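Undergrad: what follows is a protein structure lacking sequence information:
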């Protein structure tokens, strides 16, 4: 036995085989939240410095017979195509996307585990990526996942990156005139709820670093366009006082504090104004903690940004007036209200802030703000990983 433990015998080495289909199926059980594929691909686009993200929904009905959004209700979805104008894939990117658990090594990117892209297999068996002059297509051979990589034709070359998903289960499109009161939608796997998808896209814009435009089209008909702009407002900045200081446990030293206004607009009509705070801090951790995080995730950042989204008093007053009026809110107003980290019920304002790790999580924080940073999450990025003793401290 001692000889075996000390590797002094010459037994033949064998490769451990992985059933990739079952492994990806198990990964998908951890990515079961609504619109998870969109979430992961929007986050990847934001990490690539894209400023716009376009979701194209293709239905099997002829466009000539469908002239408005509601005409597409109950139509069968045959394809999803997600297009962004971020950086074209490099050789490293092509290798990384074809390797499970090879996450983005940039400490400022949100992607950490290298498995998020594989959430697309919830929709399709053969996803395809085109970027610049090249493409990669994934195919199954038994339980093993293979990929084909090659050059695009001259006519197919592009300055954008597209992820093309031919739908496996052919879901139907559901279009409603109002949002559900609960942000948690009932999951119906054979249906994609466009109304809830719009609300999800609106929430996505809360903390994107680069993306400022999100668009949804159905068979070339634009059904949703939401954008955001940031403005410096000295009058708001001057209401806050700030002095550089360490955090309670001295893991962070806060260096700067910037307040801006963020205006989110839907279809160039309805809009809402939010306050946005960015705190930049230096990271100071012991070597043991640093080595642990680098082993399970990636290189530890030297600085970190913490962002807060809050509701300015003018927006609160406006929302209270809307609540007290007898006029029914249209869908766009309902969608914008979902972004707020406050709930307005009769004469009561209830804090309903959540933590964002790139995009939104299910982790509430009990205050009337949304909080964003590179917190260390569970694999599916729905909660903070407080079970890990290193992270919990």
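TA: All right, it came through fine. Keep in mind the model is a prediction, meaning the values are calculated, not measured. Numbering: from 1, shown residues only.
Undergrad: where in the stretch 251-393 of the chain is pLDDT low?
TA: In the predicted model, the stretch 251-393 of the chain carries pLDDT under 70 at residues 295-299, 326-328, 358-359, 377-382, 385-393.
Undergrad: for it, what spans make up the strands?
TA: Residue ranges of the strands in the stretch 251-393 of the chain, as given by DSSP state E, counting those that start in this stretch, are 252-266, 270-283, 303-310, 342-345, 348-351, 354-357, 359-364, 370-372.
Undergrad: pipe the ones you listed into CSV and attach distance to residue 294 and mean neighbour count per row.
TA: Backbone N, C-alpha and C define where each C-beta goes, glycine included. What follows is the strands of the stretch 251-393 of the chain, written out as CSV (distance: least, CB to CB, whole Å; neighbours: other CB atoms under 10 Å):
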stretch, distance to residue 294, mean neighbour count
strand 252-266, 18, 17
strand 270-283, 12, 18
strand 303-310, 15, 18
strand 342-345, 38, 15
strand 348-351, 36, 12
strand 354-357, 18, 21
strand 359-364, 23, 18
strand 370-372, 23, 24
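Undergrad: and the contacts of stretch 149-159?
TA: 85, 88, 94, 98, 130, 131, 132, 133, 134, 135, 136 (CB atoms under 8 Å, 6 or more residues apart in numbering).
Undergrad: burial measure for residue 249, as a count.
TA: Burial of residue 249 is recorded as 9 neighbouring residues (other CB atoms under 10 Å).
Undergrad: what separates it from residue 289, distance-wise?
TA: Distance of residue 249 to residue 289, computed by CB to CB, to the nearest Å: 11 Å.
Undergrad: hmm, back to that, the strands of the stretch 251-393 of the chain: which one's closest to residue 171?
TA: Residue 171 lies closest to strand 359-364 among the strands of the stretch 251-393 of the chain, at 21.7 Å (CB to CB).
Undergrad: export the strands of the stretch 251-393 of the chain to JSON lines and tack on distance to residue 150?
TA: Converted to JSON lines, the strands of the stretch 251-393 of the chain look like this (distance: least, CB to CB, whole Å):
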{"stretch": "strand 252-266", "distance to residue 150": "40"}
{"stretch": "strand 270-283", "distance to residue 150": "42"}
{"stretch": "strand 303-310", "distance to residue 150": "39"}
{"stretch": "strand 342-345", "distance to residue 150": "51"}
{"stretch": "strand 348-351", "distance to residue 150": "53"}
{"stretch": "strand 354-357", "distance to residue 150": "35"}
{"stretch": "strand 359-364", "distance to residue 150": "32"}
{"stretch": "strand 370-372", "distance to residue 150": "39"}
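Undergrad: so for residue 321, which of the ones you listed sits nearest?
TA: Closest approach to residue 321 among the strands of the stretch 251-393 of the chain is made by strand 342-345 (10.2 Å; CB to CB).
Undergrad: that older thread, give me the subset of the contacts of stretch 149-159 lying in helices.
TA: Assigned to helices by DSSP state H, the following of the contacts of stretch 149-159 qualify: residue 94.
Undergrad: which of the contacts of stretch 149-159 count as buried?
TA: If you count burial by 16 or more other CB atoms under 10 Å, the buried members of those come out as 85, 94, 98, 130, 131, 132, 134, 135, 136.
Undergrad: tell me if I'm right that the fourth one and residue 161 touch.
TA: Okay, so that is residue 130. Yes - using CB atoms under 8 Å, residue 130 makes contact with residue 161 at a distance of 7.2 Å.
Undergrad: okay, the closest residue to residue 205 other than its chain neighbours: pLDDT?
TA: Leaving out its chain neighbours, the residue that sits closest to residue 205 by CB to CB, 6 or more residues apart in numbering is residue 228, at 5.0 Å. For residue 228, the pLDDT comes out at 96.
Undergrad: counting neighbours, what do you get for residue 228?
TA: Using other CB under 10 Å, residue 228 has 20 other residues around it.
Undergrad: can you pull up the bridge partners for it?
TA: residue 264 (DSSP bridges).
Undergrad: that one: what's it in contact with?
TA: 205, 208, 212, 262, 263, 264, 265.
Undergrad: with residue 333 instead?
TA: Residue 333 neighbours (CB under 8 Å, 6+ apart): 270, 322.
Undergrad: residue 308 too?
TA: Counting by CB under 8 Å, 6+ apart, residue 308 touches 276, 277, 279, 369, 370, 371, 372.
Undergrad: hmm, 7 Å instead?
TA: The contact partners of residue 308, taken as CB atoms under 7 Å, 6 or more residues apart in numbering, are 277, 369, 371.
Undergrad: with residue 355 instead?
TA: 361, 363, 365, 371, 375, 384.
Undergrad: gap between the residue nearest to residue 71 when sequence neighbours are not counted and residue 75?
TA: Of all residues not flanking residue 71 in the chain, residue 65 sits nearest, at 7.6 Å (CB to CB, 6+ apart). Look at residue 65 and residue 75: by CB to CB, they are 10 Å apart.
Undergrad: give me the more crowded residue out of these two.
TA: Ranked by neighbour count (other CB under 10 Å), residue 65 and residue 75 place residue 75 first, with 19 against 7.
Undergrad: now that one: closest residue in space that isn't a chain neighbour?
TA: residue 59 (4.1 Å).
Undergrad: the one you found contacts residue 73, doesn't it?
TA: No - in this structure residue 59 lies outside contact range of residue 73 using CB atoms under 7 Å: 10.3 Å.
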